[in-house]
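# I would like the atomic coordinates for the input below:
(one chain, ligands or ions: 1)
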Amino acid sequence: MRRPMIAGNWKMYKDVNEAVELANGIKRAVFDTENVDIVVCPPFTDLGEVGEMLTETNMGLGAQNCYWEAEGAYTGEIAPGMLKSVGCKYVIIGHSERRKYFGETEATIKKKIKAAIDNGLIPIFCVGETLEERESDKTMEVVKVQVTDGLKGFDESYLETLVIAYEPVWAIGTGKTATPQQAQEVHAMIRDLLKGLYSENFSQAIRLLYGGSAKPDNIEELMKEEDIDGGLIGGASLKVESFVDMIKTTSHLYAQVQ
Ligand code: PGA
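Predicted coordinates for the structure are as follows:
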């Protein structure tokens with residue numbers, strides 16, 4: 001059985017004081033939640049402080065991006081080793097906002113996935129179609145290419161820790177969630193694709209998160225779908241109450257099926 005994960009993507013919200021307050025609130029509310037991997041991904045400038053607060057807790061720290069080189073004259077970039085040094089365990093890679101506003105491509109995403117894994121970070125690799133692609137029936141094709149190209153050349157033992165987040169671009173921050181069926185359909189396709197590219201075991205072990213306007217009132221029905229193993233949460237992760245609610249709902253569901 002795959003262990004569920006609820007990860008909060010704070011995007012470019014929360015200065016360091018606000019970040020500490022939010023992380024503290026979550027930490028206090030979920031300290032006894034055992035069966036969900038809880039992750040928060042604050043902006044770079046908050047990572048050090050939040051990382052310190054989360055040492056020896058049941059919450060993991062993640063970054064929202066990284067560069068692929070270990071060091072060098074790359075003004076403004078952050079290396080995976082630097083993320084490790086402030087306590088990061090995870091890093092989001094290839095988020096659609098990075099693809100859209102910062103020109104990330106399958107080629108750069110692949111380098112980042114490699115750099116993350118080489119440095120012992122768990123990549124949360126994001127894929128998903130735009131509205132235009134969905135409306136022209138290209139969803140499966142687009143996501144297939146993103147997954148295949150992003151992972152090309154890596155073998156399955158190398159990708160053991162990988163987490164994939166399916167985030168339809170039209171659902172991100174729009175309040176328009178994919179229906180559980182729409183999400184499940186793409187998750188099942190990704191799992192099937194991984195089975196073909198690697199093996200049945202690998203495809204069954206890997207965690208696939210859903211992201212895109214997931215919130216307290218739809219997380220349960222999403223999580224009930226067979227191939228949805230958790231969520232990458234944007235807006236609803238910025239408030240203690242909603243984020244904790246989603247963690248607890250997931251935890252209860254998981255406890256029932258265990
Ligand atoms: P959202 O963002 O939950 O605000 O739609 C999700 C994400 O971008 O990861």
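# Contact partners for the closest residue to Pro4 other than its chain neighbours?
Distances taken as C-beta to C-beta, 6 or more residues apart in numbering place Gly230 nearest to Pro4, at 4.5 Å, with adjacent residues excluded. All C-beta atoms are positioned from the backbone trio N, CA, C, and that covers glycine. Gly230 sits next to Pro4, Met5, Ile6, Ala7, Val36, Asp37, Arg207, Leu209, Tyr210, Met223, Thr250 when contact means C-beta atoms under 8 Å, 6 or more residues apart in numbering.
# Which strand residues bridge Gly230?
Met5 (DSSP bridges).
# From Leu253, how far off is it?
For Gly230, the distance to Leu253 equals 11 Å [C-beta to C-beta, to the nearest Å].
# and if you look at Tyr90?
22 Å.
# same question, Val143
25 Å.
# Going by how many neighbours each has, rank these two and give me the top one.
Between Val143 and Leu253, counted using other C-beta atoms under 10 Å, the more crowded position is Val143 (22 against 17).
# excluding its backbone neighbours, what's nearest that one?
Per C-beta to C-beta, 6+ apart, closest to Val143 is Val127, 5.2 Å.
# Quick one: residues contacting the one you found.
Listed by C-beta under 8 Å, 6+ apart, the contact set of Val127 reads Gly94, Val143, Gln146, Val147, Gly150, Ile164, Ala165, Tyr166, Glu167, Ile190.
# change it to 10 Å
94-96, 99, 106, 109, 142-147, 149-150, 164-169, 186, 190, 208 (C-beta atoms under 10 Å, 6 or more residues apart in numbering).
# next one: phi and psi at it?
phi -140, psi 160 (degrees, to the nearest 10).
# Identify the bridge partners of it.
Applying DSSP bridges, one finds that Val127 bridges with Tyr166.
# ok, the closest residue to the ligand within the chain - contacts?
Closest residue of the chain to the ligand, C-beta to the nearest ligand atom: Gly234 (2.2 Å). Residues in contact with Gly234 (C-beta under 10 Å, 6+ apart) are 8-11, 13, 41, 95, 97, 167, 172-173, 211-215.
# Going through these, which ones are buried?
With burial judged by 16 or more other C-beta atoms under 10 Å, the buried subset of those is 8-11, 13, 41, 95, 97, 167, 172, 211-215.
# among these, which are in reach of the ligand?
Applying C-beta under 6 Å from any ligand atom, the subset of those adjacent to the ligand comprises Asn9, Glu167, Ile172, Gly211, Gly212, Ser213, Ala214.
# Let's check: the centremost residue of the protein is which one?
Ile124 (4.2 Å; C-alpha atoms, centre = their mean).
# Let me know the secondary structure of that residue.
strand (DSSP: H, G, I helix; E, B strand; the rest coil).
# That one touches Gly8, doesn't it?
No - using C-beta atoms under 10 Å, Ile124 is not in contact with Gly8, being 11.2 Å away.
# the strands in this protein, which residues?
For the chain, applying DSSP state E gives strands covering 5-9, 37-41, 59-63, 88-93, 122-127, 163-166, 207-211, 230-233.
# Now do the first one against strand 88-93, angle only.
Note on geometry: by axes from the mean of the first three to the mean of the last three C-alpha atoms, to 10 degrees, strand 5-9 and strand 88-93 are set 70 degrees apart in direction.
# now strand 5-9: how far from the chain's centre is it?
6 Å (C-alpha atoms, centre = their mean, to the nearest Å).
# so Gln182 sits right up against Thr139, yeah?
Yes - with contact defined as C-beta under 10 Å, Gln182 reaches Thr139; the gap is 8.6 Å.
# neighbour count winner among the two?
Thr139 (21 against 16).
# How about stretch 125-143 and the ligand, any contact?
No - using C-beta under 6 Å from any ligand atom, stretch 125-143 stays clear of the ligand, coming no nearer than 7.1 Å.
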